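Novice: I would like the atomic coordinates for the input below:
(chains A, B and C)
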Amino acid sequence: MELLTNGVGLSVVVFFPLISAFIITLIPKAQEQLIKGFALVSSLITFVLSAVLLFQFDFSSADKLQLGNKISWIKSINANYEIGIDGISLPLLVLSTFITVLAIIYSIEHLPEPKSPKGFLALILVLETGMNGTFVALDLILFFVFFEIVLLPMYFMIGIWGDKTVRTVSGFKNQIETRLYASIKFFVFTLFGSAFMLLGFLGLYYRGNKTFSIPELIELGTSGAFTGTFATLVFAVLFLGFAVKVPMWPLHTWLPDAHTAAPTVGSVLLAAILLKLGSYGFVRIAIPILPEQAKAWAPAIAILSAIGIIYGSLACLAQTDLKRLIAFSSVGHMGFVMLGIASLTPIGINAAMIGMVAHGVITGLLFFLSGSMAHTYHTRDMGRLGGNMKLLPKTGALLGFTAMASLGLPGLAGFWGEFMALLGAYNPLDGLNITVFRTSMVAGAIGTVLTAGYLLWMLQRVNLGEPSDEWIDKDLHDADIYELSAWIPLVVLTVLIGVFPKLIFGATNDAVIAMLSKAFGG
Amino acid sequence: MILPRKSKYYVAAFALLGTLFSLAPLVIQWANYTSPIYAFENSFVVDKFSIILKGLFILITYLTFLLSINFIESDKYYQGEYYYLLLSSLLGALIVSSSRDLLTIFIGIELASTPMFLLSGWKKGDRKSNEGAIKFFLLGVLSASLILYGFSLLYGLSGKLVFSEISSHLLSASLANSPVVLLSAILVISGIGFKISVVPFHSWAPDTYEGAPLPVTAYLSVSSKATGFVALIILLTKVFAGSGSSWGIILVIISGLTMTLGNLVALQQNNPVRLLAYSSISQAGFILAPIAISGITGDYQDGIFASVTYLIIYAFMNLGAFLSVHLFSNYAGSTNFYEWGGVARKSPLAGVLTTVFFFSLAGIPPLGGWFAKFVVFRSLLGSANSIGIALGVVGAINAVIALVYYARISKVIWMDEPKSINEEKIFQFENPLKVVGVFTVLITFVSGIFPGIFSYLGEVSSIFFGN
Amino acid sequence: MEIFEIVTYFVLLLLVSTAVRVVTTSNVIHAAISLVFTLALTSVLFLLLSTEFVALVLVLVYIGAVIVLFLFGIMITRAPLGKNAELDNDKNKKLGAAIAGSIFFLFSYILVNGFDGEVIITSGSSTELLGEILLSRFVFPFELVSFVLLAALIGGITLARKDEALIDEDQV
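Specialist: Below you'll find the predicted structure:
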């Protein structure tokens, strides 16, 4: 039991997937079943272990960092291998291990072209290490390393297994395959943000007694060690690094391309977990270490989030491509998350936390469904789809359900994030400009209406109506057992979080309140 | 002394063994190390700094030999002479890292570069090789004369040859910032600037790299560059330490220009060797940055630590990158990497290695390159100096630009559709090359995941600067 | 010291003019001959400074060996004798002159300021002393030079050697 609480457990959750990925690369290519089985088992082990940690976690002191450890890593620069989880990171960590299992289950029978389970599954596992690591890292350098580790696997996932449609992109002489353009765009955007983020980390290091430890920096930050232009600059670069990842308008342009081009599993992981790395960075690093700056920047973040919400919804209304529509809906939903964070109130940040989890579950499911449909119909053009309910009843029903959840129907997971974010924005932290926030709230409210609008419109075009003639005689396969076993857990989770939001709040609430009271007093 | 003198026999195996054996005295020296040992009236020193660098040079040469075996055995080249020249160059590099007087360091630099002039023209039948070698030779001679002119001014001022005596003379006569010393520093920087190919002294590099046999190019871009940097570090911190604020500014400008220009031109290359040439120019800018800033702040210890760390990591990942280029251009029979579509599927091992090396050069964690870039940024921002921070921002932007062309190679070999690949053709990946690949890849990973191993360098550079 | 200075300036003037001639002439042979004069005058300069060893080395090695090799090279290969229009490059000439001039003035300004009136070596150096110091105090660099020369020798021979296989390949 001690092994679970002294950091070894967490480390295993982080590194076990990496080790498994390495072992997978050693298995001969021909033994596909073995590779798939091994990947599934190792992701399951990781998930089970994270679930065990869930029970080890002391919820009565969820505001404390637990189950962690700190050992020396790079002595010369005083960077340590410091890990631990609290109420804020716990749900995201479990979400990450959970979604990975589902992604691997789905991949067993639905590998994208070119079929090469070895590379694909190994990359998923490497990705998992990066994601889990980011959520448990309590050292800025460790955080940075994990934050960057996710780039390579995702780059290759999009680039190798992505959408091969050729299209014209402005700025390129020749036509280019979507996957190639999207993968490098994703990579460059994120690296651009994180290169500057690293400079910000170094700035904190030098002003903050030469430490990279996040808890220590929080102590320093809340006691007013970082002030003036220096702090403004550091917050600006951290903002850049995280906002690209979230992504916030106007840095979002990589997202629709990457999501659309990525293979199904890639989009799922990208939407469900990778985007959360950015918003998690705000909650874990930017706000607690630089509270005064966060306060100064909050109105700007709120405005950008509001623009993001409206822009995302309007862009959705203009889409004909099913997957691209869902991608743009992510921009809108992450806008709600950021609006909640910008309010700097317990209710707002709790909303952001539940919003992150809910978005991960719901949008993940939406990408699963749209990916599967694209595979079945060989098109994502909503103009050609239609009557899906009759052609693929199971998939259609799930799509209907998920769309409802995504538009924030009360009783399902999506509701809490949107509703409480608006509540937070209505009454932001004392001292913040009420007008700006209330305007943003109104914009957000309009956004919810638009969200409902485009999702219902999407359902009407895809699910309802009579199937067009081109599909009548085709032999279309509805969801098989692998797909269903990947999707049903997400459906259950959507309902559970919707009905008992305390599943998330129970963990996050204390931690959020403690974080905010430390940062802003009272 | 160091052993390569004994191993100038005309067989690859012997060269390999000799190089490996020459590591033995280093290990012994390291184990028995107590304090710096001086010889020849303070003009030659054995300290930890020099031991580490010698280890680096010997390993690089060893790997270059392994790269060369198959290349040279294709029988168009003269084996014995080839190995002898490389070993001479190695000897020069070893001398440079220990030398502490003007005469020895100059001869060391020349001994390191003279064989390279010849080796870069080794492909006699190839016009590009001839052109590159001539350019390299002419500019090399020019650089030697610049260095010598700079040295002669120093000697004229102080009448001394040994560094410690010169610098104490300059200090006591408060000449450290006199125009003559600055002129001498500028001449030395320009002269060595050719060796490390920084802008505006870089023009020979792409042509020479392209023309030279590939192992020679790898050696040029790694060992010759490292030799130049070591000489520069020694000279700037041991002789010109007092006038750091002046040469610091010059180097900052050179460093910023080098990173940017190298990167921008590299973006347009389709020949992998030229791409690596420009990339190595840009990397030189990064290596130079900490030294430049340390001149302004006077914190030489930190600057040396960052530069040497970068140099070591860069050496191995760049050798690896040349290995990849060698493998794929051999297989695809084309020096335009856009025609390498999908070749990684032919040999996933080579593909993975290539990916690792190029992304390490781009500085993506957890590969070694990130730590190299990190220590550079750290030293730039740690200067708490607006010039340092500005250079840091330039570096960060360049790191992103560089990603575009580093990623391009991985993109082509993994993601592009195979164009003209002959299914029958066997992918040649000889065992010596595998050794190089595995060794460099291991170092790349270890230095990225456990950068703690570089911590001792901080201590070493303090020893270096303390004496 | 009047006469000494006059001679020195006279030699310097001649030196500059022959050096300029080396780069301005468009006849290869003329350039080589001018180079001989330049080097000879330089060695005179060294003689005036009473460093007879350097002067001697200059005459022996440069005039005696290098330039003669140059001339051999020009005569034996099929290099065009007489005027060669390709050697005239008016555009670069001006640029080169400007750069050379500015470097000259910069250096002379700095050097005159830096060493003004300073007498550096008081006792005349002798060849004997130089030889002794080279083989005692500086024996290590002296040995190293032999490696440089050997490397140059071996490499030079290898590169210059006629190689049937390579020539064939080149022609194909």
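Novice: state which helix of chain C is the longest.
Specialist: Counting by DSSP state H, the longest helix found in chain C is helix C:90-115.
Novice: list the buried residues in it.
Specialist: C:I110, C:G114 (16 or more other CB atoms under 10 Å in any protein chain shown). No exception for glycine: its C-beta is placed from N, CA and C like everyone else's.
Novice: near chain B, anything from it?
Specialist: Yes. Using CB under 8 Å from any CB of the partner chain, helix C:90-115 reaches chain B at C:F107, C:I110, C:L111, C:N113, C:G114, C:F115.
Novice: quick one: the helices in the stretch 151-300 of chain B, in order.
Specialist: B:163-172, B:179-195, B:204-211, B:214-219, B:225-238, B:244-266, B:272-297, B:300-332 (DSSP state H, counting those that start in this stretch).
Novice: closest to chain C out of these?
Specialist: helix B:179-195 (3.4 Å; CB to the nearest CB).
Novice: what about the closest one, average pLDDT?
Specialist: For helix B:179-195, the mean pLDDT works out to 90.
Novice: also stretch B:216-224?
Specialist: Stretch B:216-224 shows a mean pLDDT of 92.
Novice: okay, how far is it across that stretch, tip to tip?
Specialist: 10 Å (CA to CA, to the nearest Å).
Novice: is that stretch anywhere near chain C?
Specialist: No. Stretch B:216-224 does not reach chain C (CB under 8 Å from any CB); its nearest approach is 11.8 Å.
Novice: and that stretch, what's buried?
Specialist: If you call a residue buried by 16+ other CB under 10 Å, then stretch B:216-224 has these buried ones: B:V216, B:T217, B:A218, B:Y219, B:L220, B:S221, B:V222, B:S223, B:S224.
Novice: residues touching C:V57, list them.
Specialist: By CB atoms under 8 Å, 6 or more residues apart in numbering or on different chains, the contact set of C:V57 is empty.
Novice: my read is it is in a helix, agree?
Specialist: Yes. Assessed with DSSP: H, G, I helix; E, B strand; the rest coil, C:V57 lies in a helix.
Novice: and it, how far from B:G228?
Specialist: 29 Å (CB to CB, to the nearest Å).
Novice: quick revisit: between the residues of helix C:90-115 next to chain B, which is closest to chain A?
Specialist: Nearest to chain A among those, with distances taken as CB to the nearest CB, is C:I110, at 38.8 Å.
Novice: so which of the helices of the stretch 151-300 of chain B comes closest to chain A?
Specialist: The nearest among these, by CB to the nearest CB, is helix B:300-332 at 7.6 Å.
Novice: what residues of the next helix or strand after that closest one count as buried?
Specialist: Next along the chain after helix B:300-332, taking DSSP states H and E as the criterion, comes helix B:348-362. Neighbour counts over helix B:348-362 (16+ other CB under 10 Å) mark B:349-362 as buried.
Novice: and chain B, which residues reach chain A?
Specialist: Residues of chain B lying close to chain A by CB under 8 Å from any CB are B:305, B:348, B:352, B:359, B:364-366, B:370-371, B:374-375, B:377-378, B:381-382, B:384, B:392-393, B:396-397, B:399-400, B:403-404, B:407-408, B:410-411, B:414-416, B:450-452, B:454-455, B:457-458.
Novice: run a quick neighbour tally on residue 54.
Specialist: With no chain named, the answer covers chain A. Counted with other CB atoms under 10 Å in any protein chain shown, the neighbours of A:L54 add up to 15.
Novice: to clarify, I was referring to chain C.
Specialist: 17.
Novice: hang on, isn't it packed against C:F46?
Specialist: Yes. Counting by CB atoms under 8 Å, a contact exists between C:V54 and C:F46, whose distance comes to 4.6 Å.
Novice: what sits against A:T211?
Specialist: A:N78, A:Y205, A:L217.
Novice: could I get those in JSON lines, plus columns for neighbour count and pLDDT?
Specialist: Converted to JSON lines, those look like this (neighbours: other CB atoms under 10 Å in any protein chain shown; pLDDT from 0 to 100):
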{"residue": "A:N78", "neighbour count": "16", "pLDDT": "83"}
{"residue": "A:Y205", "neighbour count": "22", "pLDDT": "88"}
{"residue": "A:L217", "neighbour count": "26", "pLDDT": "88"}
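Novice: returning to that earlier point: buried subset of the residues of chain B next to chain A?
Specialist: Buried among these by 16+ other CB under 10 Å: B:305, B:352, B:359, B:364-366, B:370-371, B:374-375, B:377-378, B:381-382, B:392-393, B:396-397, B:399-400, B:403-404, B:407-408, B:410-411, B:414-416, B:451-452, B:454-455, B:457-458.
Novice: do a quick rundown of the helices in chain C.
Specialist: Along chain C, counting by DSSP H, helices occupy C:2-24, C:28-48, C:52-57, C:68-76, C:90-115, C:127-135, C:139-160, C:164-171.
Novice: worst average pLDDT in these?
Specialist: Looking at the helices of chain C, the bottom one is helix C:164-171 with a mean of 48.
Novice: next, the angle helix B:225-238 makes with the helix or strand harbouring B:F65.
Specialist: Secondary-structure assignment from DSSP H and E places B:F65 in helix B:48-73. Note on geometry: by axes from the mean of the first three to the mean of the last three CA atoms, to 10 degrees, helix B:48-73 and helix B:225-238 are set 160 degrees apart in direction.
Novice: what packs against helix B:48-73?
Specialist: helix B:12-21, helix B:23-31, helix B:79-98, helix B:214-219, helix B:225-238, helix B:300-332, helix B:431-449, helix B:455-466 (3 or more CB pairs under 8 Å, 6 or more residues apart in numbering or on different chains; DSSP states H and E).
Novice: tell me which residues of it come out buried.
Specialist: Neighbour counts over helix B:48-73 (16+ other CB under 10 Å) mark B:48-72 as buried.
Novice: list the contacts of the residue of the stretch 1-150 of chain B found nearest chain C.
Specialist: Evaluated by CB to the nearest CB, the stretch 1-150 of chain B has B:L118 as its residue closest to chain C, separated by 3.0 Å. Residues in contact with B:L118 (CB under 8 Å, 6+ apart) are B:L85, B:A133, C:A151, C:A152, C:G155, C:G156, C:T158, C:L159.
Novice: hmm, the first one is touching C:A152, no?
Specialist: No. In this structure, B:L85 is not within contact of C:A152 by CB under 8 Å, at 9.5 Å.
Novice: which one's more surrounded, the two?
Specialist: B:L85 (26 against 17).
Novice: please name the nearest non-neighbouring residue to that one.
Specialist: B:P115 (3.7 Å; CB to CB, 6 or more residues apart in numbering or on different chains).
Novice: which stretch of helix or strand covers the one you found?
Specialist: Per DSSP H and E: helix B:102-119 holds B:P115.
Novice: just the mean pLDDT for that helix, thanks.
Specialist: 91.
Novice: and A:G417, what element?
Specialist: In this structure, A:G417 is located in helix A:413-426 according to DSSP H and E.
Novice: list the helices and strands the helix or strand following that helix packs on?
Specialist: Using DSSP H and E, the helix or strand that directly follows helix A:413-426 along the chain is helix A:434-462. Secondary-structure packing of helix A:434-462 (3+ CB pairs under 8 Å, 6+ apart): helix A:291-317, helix A:322-343, helix A:393-406, helix A:413-426.
Novice: so how far is C:L60 from the spatially most central residue of chain C?
Specialist: Closest residue to the average C-alpha location of chain C: C:L39 at 6.2 Å, with CA atoms, centre = their mean. According to CB to CB, C:L39 and C:L60 sit 11 Å apart.
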